[in-house]
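Asker: output the structure for:
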Amino acid sequence: MRERIEEVKKRIEEAAKRAGRNPEDITLVAVSKNFPAEAVRQAYELGLRSFGENRAQELREKYEKLKDLDITWHFIGRIQTNKIKYFVPIVDYVHSVWREKELLEIEKRASNIDKVIKVFIEVNVSGEETKAGVRPEHIRDLLMLAKDLKHIKVIGLMTMAPYVEDPESVRWIFFKLREIEEDLREDFPELTELSMGMSNDFEVAIEEGATFVRIGTAIFGKRE
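Answerer: A predicted model of the protein is given here:
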């Protein structure tokens, strides 16, 4: 794992330099879903601090086992409204909000414990019917709603590109998300972050402006 983490960090650094960016501006979120708490502890001991989970139950189980570590937890999966109450007390970031009811439920649960959750709005850039995410033309509606919520801070946009062999073929998706955010920033200056890029395409995502990359396989290996 040490070698894999060092390799990922090196690739992040090189991609940032190619884009004339500071590698320090990119947050590596280690996606630990389907791996045991012991693997998270090992990655933590090797220097990682941000971890992403996509299921509320699995997140809760790992959180209980790893309470002694100062981990920054990210919820990155598709949101079931009835599970929000389980992950809000644990996470600092939610990457996958795209419906009004999700925003309102996160606000409700966060207000109960007087906590502010940092949120990315998930955007369906590719237009695939099977993909989650709000259509670009509806992002403003969500941002206007979020402006009035006291326990949610929308910090940026997120997307998932289709899995492809050649990451160059999805570069346009990352470029487009950055373009959308730049267009919105005039009215919503708080949009400063882009969560995009996974194990197979994070270098292209960084070249196009990613500030958070969500990497699982390249750190933990293949899932069962």
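Asker: in terms of contact, does Gly77 touch Glu58 like I think?
Answerer: No. At 9.3 Å, Gly77 does not count as touching Glu58 under the criterion of CB atoms under 8 Å. Glycine gets a C-beta too; all of them are placed from N, C-alpha and C.
Asker: shared neighbours of the two, anything?
Answerer: Lys33 (CB atoms under 8 Å, 6 or more residues apart in numbering).
Asker: for these two, indicate the residue with more neighbours.
Answerer: Taking neighbours as other CB atoms under 10 Å, Gly77 and Glu58 compare with Gly77 leading, 21 against 16.
Asker: which ones are touching that one?
Answerer: Counting by CB under 8 Å, 6+ apart, Gly77 makes contact with 33, 53-55, 96.
Asker: the residues you listed in strands, which ones?
Answerer: 53, 96 (DSSP state E).
Asker: JSON lines for the contacts of Gly77, including neighbour count and distance to Thr159?
Answerer: Below are the contacts of Gly77 laid out as JSON lines (neighbours: other CB atoms under 10 Å; distance: CB to CB, whole Å):
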{"residue": "Lys33", "neighbour count": "17", "distance to Thr159": "18"}
{"residue": "Glu53", "neighbour count": "26", "distance to Thr159": "19"}
{"residue": "Asn54", "neighbour count": "20", "distance to Thr159": "15"}
{"residue": "Arg55", "neighbour count": "17", "distance to Thr159": "20"}
{"residue": "Ser96", "neighbour count": "21", "distance to Thr159": "10"}
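Asker: tabulate the contacts of Gly77 in TSV, adding columns for pLDDT and distance to Glu207.
Answerer: What follows is the contacts of Gly77, written out as TSV (pLDDT from 0 to 100; distance: CB to CB, whole Å):
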residue	pLDDT	distance to Glu207
Lys33	95	26
Glu53	98	27
Asn54	97	25
Arg55	97	31
Ser96	96	23
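Asker: could you report the separation of Arg223 from Val31?
Answerer: Arg223 is 10 Å from Val31, where distance means CB to CB, to the nearest Å.
Asker: any shared contact partners between those two?
Answerer: The contact lists of Arg223 and Val31 share Gly216, where a contact means CB under 8 Å, 6+ apart.
Asker: when the two are compared, which one has more neighbours?
Answerer: Neighbour comparison, Arg223 and Val31: the larger count goes to Val31, with 25 against 10 (by other CB under 10 Å).
Asker: tell me who's in contact with the more buried one.
Answerer: Counted by CB under 8 Å, 6+ apart, Val31 has contacts 51-54, 76, 198, 214-216, 219-220.
Asker: what are the bridge partners for the spatially closest residue to Ser96 that is not a sequence neighbour, then?
Answerer: Excluding the flanking residues, the one nearest Ser96 by CB to CB, 6 or more residues apart in numbering is Glu122, at 4.8 Å. For Glu122, the beta-bridge partners are Met158 (DSSP bridges).
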